[in-house]
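Q: Sequence plus predicted model, see below.
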Amino acid sequence: MRNILKDAFEDFFFEYETPRQVLVKNPRVGIACRILQLGVLAYIIGWVFIYERGYQNEDTAISSVFTKMKGLAYTSINGTERLWDVADYVFPDQGVSSFVVMTNFIMTVGQSQGKCPELLDDTNNCTKDSDCTMGQYKRTGNGLMTGKCLDNTTCEILSWCPVQDDRVIPNPPLLAAAENFTLFIKNSISFPEFGVVRSNLVESVNSSYLKTCLFDQNANRLCPIFRLGDIVSLSGFKFSELAQVGGSIGILIEWECNLDLRIEKCIPQYKFEGLYGNSSQASVGYNFRTAKYYAEDKIQKRTLMKVFGIFIEIIVHGQARKFDIIPTLTAIGSGVGIFGVATVVCDVVLLHLVPKKDFYKTMKFKSTPLQEQEPESVKMDQAKEGTQEK
Amino acid sequence: MRNILKDAFEDFFFEYETPRQVLVKNPRVGIACRILQLGVLAYIIGWVFIYERGYQNEDTAISSVFTKMKGLAYTSINGTERLWDVADYVFPDQGVSSFVVMTNFIMTVGQSQGKCPELLDDTNNCTKDSDCTMGQYKRTGNGLMTGKCLDNTTCEILSWCPVQDDRVIPNPPLLAAAENFTLFIKNSISFPEFGVVRSNLVESVNSSYLKTCLFDQNANRLCPIFRLGDIVSLSGFKFSELAQVGGSIGILIEWECNLDLRIEKCIPQYKFEGLYGNSSQASVGYNFRTAKYYAEDKIQKRTLMKVFGIFIEIIVHGQARKFDIIPTLTAIGSGVGIFGVATVVCDVVLLHLVPKKDFYKTMKFKSTPLQEQEPESVKMDQAKEGTQEK
Amino acid sequence: MRNILKDAFEDFFFEYETPRQVLVKNPRVGIACRILQLGVLAYIIGWVFIYERGYQNEDTAISSVFTKMKGLAYTSINGTERLWDVADYVFPDQGVSSFVVMTNFIMTVGQSQGKCPELLDDTNNCTKDSDCTMGQYKRTGNGLMTGKCLDNTTCEILSWCPVQDDRVIPNPPLLAAAENFTLFIKNSISFPEFGVVRSNLVESVNSSYLKTCLFDQNANRLCPIFRLGDIVSLSGFKFSELAQVGGSIGILIEWECNLDLRIEKCIPQYKFEGLYGNSSQASVGYNFRTAKYYAEDKIQKRTLMKVFGIFIEIIVHGQARKFDIIPTLTAIGSGVGIFGVATVVCDVVLLHLVPKKDFYKTMKFKSTPLQEQEPESVKMDQAKEGTQEK
């Protein structure tokens, strides 16, 4: 018994199988096949390995962003001078990755709850009281109709009064100075699979550089301080237009890190693009309403602002690649498979398209007799052949 | 020397190897193997290529979202009429992708810093001053205890006074009119790998359509204007219940784009689901506290609102696929590999399970003599065989 | 005709090809090859299947987060007592996934628009009026210069007056009590591909447990209530330092779900890390300015707060894996391909490096005659061989 096991063990380990091959000495078929095989090899090495880096594993970044705007703007409306600082023109305050920089506004100071005439525009006209159904809203209206038609022109409504008149958007924008505001972006990313953490304040961006630098597509590609006017123009907009009606801009921070190289080469690239597509789209501009509440003479009041601004969204897109044995072997495995396809193609040519195909068939294939045949004689033949072939 | 190189070159290019095969003429094994091979082929073509689209490369979308609510609500609390507009009931103002629509609230007007009795509930009772340790907080309390037990019932605290009484949540919800508010969603996505940008305002959603349309699962699947009541009911909630205690809803915008087709076919699909799971969960409802600060008679005051509302989070999930040669060849390569598995399985059957397995073994395998054997005679045999085989 | 088709059909189905092999009985080559093949097999089974779970499909989670802070802080500044509650110290209010907990602040009450002296620091000095160019801003300044140099020390500016003096940051931090604030996190994730939804309030986290539990790395790894002091120390910071100047912390919720197991095993893991890298970085601390607006004696005023706080960002990273036939077969296919590589390596050894390589070459290869040869005689040879081999 032990001997049998030992024999089986020896048989298994002392021998190995290798396929028997026909060397087809046919220059035309040979050249075609060699070229095909070399093509496949070139593809595997060149495309999969060098171009697509099939030998590397990929990981997507987890990122976190902090922003800080700087700058001051001065307005003089109806003789009232006012200075706007960060706490006034950035929404929200906390320095998150998407925020609005106010560039224009319509301000209605001192609204309080009460009854007042609806804003006069095409859709809110009335000629008699019955045009203003009591207790109803008009879709484009600002309040609840009381049922009265004032001066035969517009309905009386229950609302925050006086109603904000937003029919005319100031032009030029009130905070045109926003063009010179600066935006500081701090972005850190981590690749959990590779245990790598990077910040956009890379090695070359030190404290002294940070104090004076300003982002520039050519000279200062790594400076994380951006002039708002530059951001707008790099996104393909004209600042004066965007500042008036508002708009949305995406700042894309792209990290493409090859971690097989030095970590210092893993640096961000900043890209700027308008969001919500081209001007042909159905909806342009960006605005929202915000209110500041206060009490005056025991009455609750609010200052309503219709804010037109630049909505900035910082989008981080990080990918790292690093050599890993699994994708390498998967790529090699697939490559060998594709190599097999090349051989199959060559065989089809050899066995079906070449004039001497029948000859090659007999070279390549050896047929067994059909099973129905008399087994005894087969064994004989087989035994004989065995001897001959040894 | 040059000849040797030329010969090697010719040898390499004028010939190619193809494996020698045994044609096993055994109907049972043959049929089984052919069916197995056809199955593998059907799998590769049908499943990998047609169903899973293994010939395409995949990219995940980068997206950006802008929202705008519209609608008015009227409340009359203790005879005070009030109209609520967007600036009053949406938090935050800026139209970001996750926000709260207030549907119910508890408002405490005119809180100021001072001393007042703690809210009377089960956990804040006291019978004597020593129950109210000075300078301590109770876990469920609203302020710092001063050490006095007022009227032998509740501790005096230093806090924003009067303390907000949130023991009873208004029912029906005060802003029940929120059911008719509308939400406009602008969503743009980009697939950086394919250089494609799309907006949810697709070709069929033009300005005039936008002015009148309202989302509807059947007729208006692409209209980006949603009635809040519809959102709630499509998420499986009852509006009146959700509006009272608040809740969280996810609006999923799904983009599944096959970029091998026309870009117009790349359209979003809107789905609605309650967040934070089923009602059996430990924590239901959604509320938060927000304060509006003001000064009255030189005293800092605030209006504290406990806001119950519908927290809406817009989640964009975009994937695009496009033909690419790499995944195609990888799929083919793997397919050829799996084909090889089919052959291995057939061989196992043929060489171990079929009655005439020994015969097939001699057909398939040719053994070399063991290396220990006398080399001379081997060469002789081999030479002889070579002649015979040629 | 029918017969021909029938024959072709029978030929195809009643036979199958299997490669002819040479059994190389060479112990050294045999052992080397077997070990190589076993190694490949072990790699495929061990690494790809067991370690990397190549038989599973992967999906990334869509997640949604809700947070709620609890706690009270008491301050006494210049004799003014004040109690701070959630509505006062959390920005923003709504319980979103990234927010700031104020731990320190510089408050300037009652600013109004007007003219006042610039803050006196190194960069804002002046000795004569011409140092203060009218209508200009200084980069580090707080307002628009009016052209006057007050007391020959500092420029007069148009600004919110008085200017906030942020030269000294309070130490110890004013809201040191924040260390005991608690944070409750509700997180739900869904894996759209697998149709699975999970919440971090898993089966073992029921209502009664929630009322009393506090997160702890050892005993209460699933409790979703965190003490702020614990979060800070688990991130590797010292609370007293971070509370003074502010800082950023990421709470990473990691879901690694093997959906082939019971769903109850799909539980989150909480990790804490400082954002924006190490202290050696160019920019430390976290602060922002926020203003509360009000009217006093018909004058618009604001309270400006420079808020130092802990910016918390909750990052959810979810991945689920489930058995799927496609990746399984892809892995097998690649494996068979790699197996082929092993055979190729062995053949290179056998045919080029072994002393008896020429012998093995004749065993493995059968050459066809060159095509230029007389076809007739070939066919003869071939016919003869056919007879012999059968």
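A: Perfect, thanks for sending it.
Q: C-alpha from now on. contacts and neighbour counts both.
A: Will do.
Q: max-length strand in chain A?
A: Longest strand in chain A, counting residues (DSSP state E): strand A:299-323.
Q: going on from it, what's the next piece of helix or strand?
A: helix A:325-348 (DSSP states H and E).
Q: in the longest strand of chain A, what counts as buried?
A: A:301-323 (16 or more other Cα atoms under 10 Å in any protein chain shown).
Q: what about A:A87, neighbour count?
A: 19 (other Cα atoms under 10 Å in any protein chain shown).
Q: Sorry, wrong one. I was asking about A:L119.
A: By other Cα under 10 Å, neighbour count at A:L119 equals 22.
Q: for it, what are its contacts?
A: If a contact means Cα atoms under 8 Å, 6 or more residues apart in numbering or on different chains, then A:L119 has A:G141, A:N142, A:T154, A:V163, A:Q164, A:D165 as its contacts.
Q: With A:T182 instead?
A: By Cα under 8 Å, 6+ apart, the contact set of A:T182 is A:M69, A:K70, A:G71, A:I225, A:F226, A:R227, A:L228.
Q: With A:I185 instead?
A: For A:I185, the contact set (Cα under 8 Å, 6+ apart) comprises A:V65, A:F66, A:T67, A:K68, A:P224, A:I225.
Q: Just confirm the third one contacts A:D93, I think it does.
A: No. With contacts counted by Cα atoms under 8 Å, A:T67 stays clear of A:D93, the gap being 9.9 Å.
Q: still on that earlier bit, include pLDDT when you put the contacts of A:L119 into a markdown table, please.
A: Formatted as a markdown table, the contacts of A:L119 follow (pLDDT from 0 to 100):
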| residue | pLDDT |
| --- | --- |
| A:G141 | 83 |
| A:N142 | 87 |
| A:T154 | 88 |
| A:V163 | 92 |
| A:Q164 | 92 |
| A:D165 | 91 |
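Q: Which element, helix or strand, includes the residue in the stretch 101-250 of chain A that chain B sits nearest to?
A: Closest to chain B within the stretch 101-250 of chain A is A:S159: 5.5 Å, counting by Cα to the nearest Cα. In this structure, A:S159 is located in strand A:154-161 according to DSSP H and E.
Q: where does the stretch 201-350 of chain A dip in pLDDT?
A: Per-residue confidence for the stretch 201-350 of chain A (pLDDT under 70) gives these ranges: A:276-284.
Q: from it, which residue is nearest to chain C?
A: With Cα to the nearest Cα as the measure, A:G333 is the residue of the stretch 201-350 of chain A nearest to chain C, at 4.1 Å.
Q: What's the separation between that residue and chain B?
A: 8 Å (Cα to the nearest Cα, to the nearest Å).
Q: That residue: what's it in contact with?
A: Per Cα under 8 Å, 6+ apart, neighbours of A:G333: B:G333, B:S334, C:G333, C:S334, C:G335, C:V336, C:G337, C:I338, C:F339, C:V341.
Q: Near the nearest residue to A:L351 once chain neighbours are set aside, how many other residues are there?
A: Nearest in space to A:L351, with sequence neighbours left out and distances taken as Cα to Cα, 6 or more residues apart in numbering or on different chains, is A:K357 at 4.7 Å. Here the number of neighbours of A:K357 (other Cα under 10 Å) works out to 15.
Q: ok, A:K357 touching A:V348?
A: No. Contact criterion Cα under 8 Å: A:K357 and A:V348 do not qualify, at 9.8 Å.
Q: coming back round to it: now narrow the buried residues of strand A:299-323 to whatever sits close to chain B.
A: A:L304, A:E313, A:I315 (Cα under 8 Å from any Cα of the partner chain).
Q: Please name the residues that touch the last one.
A: Remark: with contacts taken as Cα under 8 Å, 6+ apart, A:I315 is in contact with A:S97, A:G250, A:I251, A:L252, A:I253, B:I62.
Q: what ranges do the helices span in the stretch 151-300 of chain A?
A: A:207-212, A:228-234, A:239-245 (DSSP state H, counting those that start in this stretch).
Q: per-residue pLDDT, the residue nearest to A:L351?
A: Reading off the confidence values, A:K357 has pLDDT 81.
Q: Please report how far A:Y360 lies from A:I189.
A: Separation of A:Y360 from A:I189 (Cα to Cα, to the nearest Å): 61 Å.
Q: which of these two has more neighbours?
A: Per other Cα under 10 Å, whichever of A:Y360 and A:I189 has more neighbours is A:I189, with 24 against 19.
Q: Dig out what the more buried one forms beta bridges with.
A: Assessed by DSSP bridges, A:I189 has beta-bridge partners A:S63, A:R198.
Q: what does the stretch 51-200 of chain A have sitting close to chain B?
A: By Cα under 8 Å from any Cα, the residues of the stretch 51-200 of chain A that approach chain B are A:F91, A:F99, A:V100, A:Q113, A:Y137, A:R139, A:N142, A:G143, A:L144, A:L158, A:S159, A:W160.
Q: switch the cut-off to 7 Å
A: Residues of the stretch 51-200 of chain A lying close to chain B by Cα under 7 Å from any Cα of the partner chain are A:Q113, A:G143, A:L158, A:S159, A:W160.
Q: out of these, who has the most neighbours?
A: Most surrounded of those: other Cα under 10 Å gives A:G143, at 30 neighbours.
Q: Kindly state the beta-bridge partners for the spatially closest residue to that residue that is not a sequence neighbour.
A: In space, and not counting its chain neighbours, A:G143 is closest to A:S159: 4.8 Å by Cα to Cα, 6+ apart. A:S159 has these beta-bridge partners by DSSP bridges: A:G114.
Q: That'll do, ta.
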